[in-house]
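Engineer: only geometry, no sequence info:
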């Protein structure tokens, strides 16, 4: 057989056959006087085996190791490793599908938050906050929506230990209608610090103290810019999203809670 006939028989391209030769997965066949390769039955059997091994999910380096080992031990070990890897993938896919099913149910019944997808715990908290806020007079402060965005960011970038501590801290701060009322009063104070407000305005300190009264001890520990080694890039981007007076109020809040100053 010529290389094209061998490739067609095995269902691969001639380029693939040449690549397998280059990698040493297929032995070089004999050549005619004109330089053309001539393939026989053994070559077709060898190529078919390579195809079966790659079809199982083995990489070409693994296929080479299996072919080089005549005892079958390498094949058993490789197949066992592949099976274990597939089992891990299956478990991960099942977990993702459970999570997606929950999100789909919430999307269908209208309880998926606009900031989603977030964890089920944060979804429930946002829903509780929304119900409590509906009972309060006036429209939602702009800062309330921004605060939810920050919370979704914190949940994503915080470490496992910080995420585990985040929800109890939030529940202790705003887990009651009175806590929500207090939070919305603090949000309204921050909303009032517009671009025309100076950083020395007395309302800046009032907003900071309102936030301190709302937040429990340790509330800023999971904040990315507060962690050692986090650098100033996050803080610069975070504070740039607020007016100068709002950013100053937040800096004072961190200082009052921790005794530490945040970078400008």
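Structural biologist: Nice, I can see it. Predicted, not measured: the structure shown is a model, and the values here were computed from it.

Engineer: The closest residue to residue 27 other than its chain neighbours and residue 175, how far apart?
Structural biologist: Excluding the flanking residues, the one nearest residue 27 by CB to CB, 6 or more residues apart in numbering is residue 46, at 7.1 Å. In this view, the C-beta of every residue, glycine as well, is placed from N, C-alpha and C. With distances taken as CB to CB, to the nearest Å, residue 46 is found 68 Å from residue 175.

Engineer: swap in residue 19?
Structural biologist: 62 Å.

Engineer: the more surrounded of the two?
Structural biologist: Taking neighbours as other CB atoms under 10 Å, residue 19 and residue 175 compare with residue 175 leading, 17 against 14.

Engineer: Quick check: the more buried one touching residue 128?
Structural biologist: Yes: at 7.4 Å, residue 175 counts as touching residue 128 under the criterion of CB atoms under 8 Å.

Engineer: Enumerate every residue touching residue 141.
Structural biologist: 184, 187, 188, 190, 191 (CB atoms under 8 Å, 6 or more residues apart in numbering).

Engineer: Please, which helix or strand holds the fourth one?
Structural biologist: Secondary structure from DSSP states H and E places residue 190 in helix 177-191.

Engineer: pLDDT averaged over that helix, what's the number?
Structural biologist: Averaging pLDDT along helix 177-191 yields 88.

Engineer: Could you check the helix or strand encompassing residue 80 and say which residues are buried?
Structural biologist: Element membership for residue 80 (DSSP H and E) is helix 73-109. Buried positions in helix 73-109, judged by neighbour count with 16 or more other CB atoms under 10 Å: 74, 75, 78, 79, 103, 106.

Engineer: hang on, the earlier thing: regarding the residue nearest to residue 27, which helix or strand does it belong to?
Structural biologist: Applying DSSP H and E, one finds residue 46 within helix 41-55.

Engineer: Quick one: name whatever helix or strand follows that helix.
Structural biologist: Helix 41-55 is succeeded, C-terminally, by helix 60-68 (DSSP H and E).

Engineer: Thanks again, I'm all set now.
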